[in-house]
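# coords below, sequence missing:
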């Protein structure tokens, strides 16, 4: 009875252990032969978040999941998909969170509106601090700008 | 006993902070001189007690006193001593104690050393410093007591995160914290001057060394942290726009702006409100950084919401200090005149421009860091990373770098651009030449190309202010500026070069196999198991050689720590003048056709990557030179004054009223 239980436990234990020791997907640690395509892959991988890590892209993570995602990116590029297609496929699958490159949308528009506003504010401050002063000085010395 | 002494010292310091605050406030009243006399001694004794408390915790970690909860949860008796000590600040409570200790220490230092300010301003400054310290003592004592005992001592500690078991931990947090918290003195001084309406060049001269000092430590801390992440994480990244990194970058940006603003105030009596505002901003960013790193909000907004005690406490302190200082600013700003005038094309004009640019970059970093936290609170998860920060930051960084090259060539107050026409055309020619050269060499993205061009131009421009000046008589502080600006150029060159020219090679190699990357031949000789005090590892023996040179044997390791269990990659770096070869060994990857085990090997050649950190060191060196230069000049002036006074006294004594006093 005890032997049977142990054998049964061994049966469940094997798949669990296998998950950790399973070899990584082929393209997780293998570069593409075409340097141009590999460069595209690297550029894309650097902008995809490793969902299991804290603030690391899949291009610099040892996590198995990051390896799987690298494999996905490389095989899909090899199959002729464009980086942007792959990105949107990953976003569809994992949500916006996976992409480090926020797109303009109903939830992210302030990320783009605020820098534009900032540009205006900066221009206004500079004009006020530097522009007016010059005009005043010119007025003082009686020179037209 | 150790823990009890530490805790008692901490409570006493908190009490002294109250005394310092109250007596500082009395100093503002006409009849408060008697009470105000306590502020300085209170600050000094408080510094002593806080340092004592910190030493007690260090001691507890050194002997691994497992009856203290913090030691039991973060240390292990088998760790090497240096990591036991460094582990003191490798956790929440310990690092907050370090924070408070640095705060108290710098408060004590200014109370002990600073004699130039009007007594009232000094009282207000010490009062504010005491008020700030009190908040953080309360935080430590009420919600993060580092000296808490366990009811039953633990048998063994649970260890320290292996990523932290590195010499980097010994240096990076303390330097960063000294920078973070050193800014508090600048803040207190700014508040003191604002409250007593003494925003003068003399005040700026007092403030300048503190800002410079804090800024040097911040620069060193960020540089060290970046290099640490670079070699420890095993993938060759040196900046991730991670919120924790941003938390250190934001105070640095504000401190850089403050540093330039305070120099203008000291030299030209201009930019008064600006300086005060930046002082408030810089310390706000320090506290915000502390909140981000220490509240747990970064791991998950929801984790923060579940256990919000610590986070809310810091958030409350943040609101109190930032809100309070802004209120005082709003009440007093009107009564401070703007100071001397200047035109747009003057050195002040250039400095104002760059201060605005630095603040704008700060705003971008702040937005990109806080926005994801904000949306996460509403269950929308977004990621903001390099594809956002790099271009958005560059919008402001590029104009800033251009003005940074030109600004030091301009004269104070008012200048004609036509005067420096020659220099301007040389710099423009350099930029165009480098852009053309790099674009000709290959297909690179726009930002690295611009970065390279601006780096070269800035590197030349940094030395242009020396033209036509007697190098022997140039003040040390001016040399400091030249070195620091050159350091920025060097670091920028490293960043741009690394982004543009890195070559990467991933290979699965069996012993005897070799691979090639950017002219380097990399051969795996063998893989052997090795063991350290608290880890085991597979160490690759790898021969690397560039061209025909003799091979260098290196040993990168894939380590497995056993307490807590976690794998790490120990990379090996081969440093050359023109870059670094970065080699990492990973897991076993199957077998080759002959049945030999193959190993994952990752190799990068990163041209000029080291320039990033050399640049950071140069920037810090420039800061140190400026501090020494200012202090020496100050000492010389003081000595000359005492000598002059003595001589006048002698003359007066000799002449014995026969001669009239010289009209001074």
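Nice, thanks for sending it over. Remember, it's a predicted structure, so these values are computed and weren't measured experimentally.
# report the helix or strand with the lowest average pLDDT across chain B.
helix B:301-306 (a mean of 59; mean pLDDT, DSSP states H and E).
# where does the stretch 251-400 of chain B have low pLDDT?
Scanning the stretch 251-400 of chain B for pLDDT under 70 picks out the ranges B:299-307.
# do the same with chain B
B:299-307, B:656-664.
# ok, now which ones touch the closest residue to chain B within chain A?
Closest contact between chain A and chain B, by CB to the nearest CB, is at residue A:100 (2.6 Å). For every residue, glycine as well, the C-beta is placed using N, CA and C. For residue A:100, the contact set (CB atoms under 8 Å, 6 or more residues apart in numbering or on different chains) comprises A:46-49, A:57, B:383-388.
# for residue B:447, same thing?
Residue B:447 touches B:390-391, B:394, B:496, B:499, counting by CB under 8 Å, 6+ apart.
# what of residue B:645?
Counting by CB under 8 Å, 6+ apart, residue B:645 makes contact with nothing.
# roughly how far does it sit from residue B:652?
Distance from residue B:645 to residue B:652, counting by CB to CB, to the nearest Å: 10 Å.
# same thing with residue B:222?
Remark: distance between residue B:222 and residue B:652 (CB to CB) = 55 Å.
# so which of the two has more stuff around it?
Higher neighbour count among residue B:222 and residue B:652: residue B:222, with 23 against 13, using other CB atoms under 10 Å in any protein chain shown.
# thought the more buried one was touching residue B:246?
No. Taking contacts as CB atoms under 8 Å, residue B:222 lies outside contact range of residue B:246: 10.7 Å.
# follow-up on the earlier one: packing partners of the next helix or strand along the chain from the least confident helix or strand of chain B?
The C-terminal neighbour of helix B:301-306 among helices and strands, as given by DSSP states H and E, is helix B:309-332. Of the remaining helices and strands, those touching helix B:309-332 by 3 or more CB pairs under 8 Å, 6 or more residues apart in numbering or on different chains; DSSP states H and E are helix B:119-143, helix B:167-195, helix B:272-294.
# show me which of the contacts of residue A:100 is closest to residue B:232.
Ranked by distance to residue B:232 (CB to CB), the contacts of residue A:100 are led by residue A:57 at 16.5 Å.
# identify the residue nearest that closest one in space, chain neighbours excluded?
Leaving aside its sequence neighbours, residue A:57 sits nearest to residue A:46 (CB to CB, 6 or more residues apart in numbering or on different chains; 5.1 Å).
# how many neighbours does the one residue in the stretch 301-450 of chain B that gets nearest to chain A have?
Relative to chain A, the nearest point of the stretch 301-450 of chain B is residue B:385 (2.6 Å; CB to the nearest CB). When neighbours are defined as other CB under 10 Å, residue B:385 has 22 of them.
# what's the domain layout of chain A?
Structurally, chain A divides into domains by automatic domain parsing as follows: A:11-103, A:105-145.
# of those, which approaches residue B:18 most closely?
domain A:11-103 (39.0 Å).
# show the average pLDDT along the closest one.
For domain A:11-103, mean pLDDT is 82.
# could you pull out the helices in chain A for me?
A:2-21, A:35-45, A:64-78, A:83-94, A:109-126, A:132-141 (DSSP state H).
# who in the stretch 251-400 of chain B is up against chain A?
B:298-299, B:341-344, B:349, B:352-353, B:356-357, B:360, B:363-364, B:367-368, B:371, B:375, B:380-388, B:392, B:395-396 (CB under 8 Å from any CB of the partner chain).
# let's see 7 Å
Counting by CB under 7 Å from any CB of the partner chain, the stretch 251-400 of chain B comes close to chain A at B:341-344, B:349, B:352-353, B:356, B:360, B:363-364, B:367, B:371, B:375, B:380-388, B:392.
# the stretch 101-250 of chain B too?
Near chain A, when you scan the stretch 101-250 of chain B using CB under 7 Å from any CB, you find B:233, B:235, B:237, B:240, B:242-243.
# residue contacts, residue 53?
In the absence of a named chain, this looks at chain A. A:61, A:63, A:66 (CB atoms under 7 Å, 6 or more residues apart in numbering or on different chains).
# hmm, no, I was thinking of chain B.
Applying CB under 7 Å, 6+ apart, the residues near residue B:53 are B:6, B:9-10, B:13, B:97.
# residue A:86 now?
Counting by CB under 7 Å, 6+ apart, residue A:86 touches A:44, A:73, A:76-77.
# strands of the stretch 501-650 of chain B, start to end?
Ranges of strands in the stretch 501-650 of chain B, per DSSP state E, counting those that start in this stretch, are B:503-509, B:514-517, B:520-531, B:535-546, B:552-554, B:557-562, B:565-570, B:572-576, B:579-591, B:597-607.
# columns mean neighbour count and distance to residue B:285 on top of those strands, output as a markdown table?
Listed next are the strands of the stretch 501-650 of chain B as a markdown table, based on neighbours: other CB atoms under 10 Å in any protein chain shown; distance: least, CB to CB, whole Å:
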| stretch | mean neighbour count | distance to residue B:285 |
| --- | --- | --- |
| strand B:503-509 | 20 | 35 |
| strand B:514-517 | 16 | 40 |
| strand B:520-531 | 16 | 42 |
| strand B:535-546 | 19 | 37 |
| strand B:552-554 | 14 | 40 |
| strand B:557-562 | 19 | 34 |
| strand B:565-570 | 17 | 31 |
| strand B:572-576 | 16 | 32 |
| strand B:579-591 | 20 | 32 |
| strand B:597-607 | 21 | 31 |
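# with distance to residue B:197 added, can I get those in a markdown table?
Converted to a markdown table, the strands of the stretch 501-650 of chain B look like this (distance: least, CB to CB, whole Å):
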| stretch | distance to residue B:197 |
| --- | --- |
| strand B:503-509 | 59 |
| strand B:514-517 | 64 |
| strand B:520-531 | 64 |
| strand B:535-546 | 60 |
| strand B:552-554 | 63 |
| strand B:557-562 | 58 |
| strand B:565-570 | 56 |
| strand B:572-576 | 54 |
| strand B:579-591 | 54 |
| strand B:597-607 | 53 |
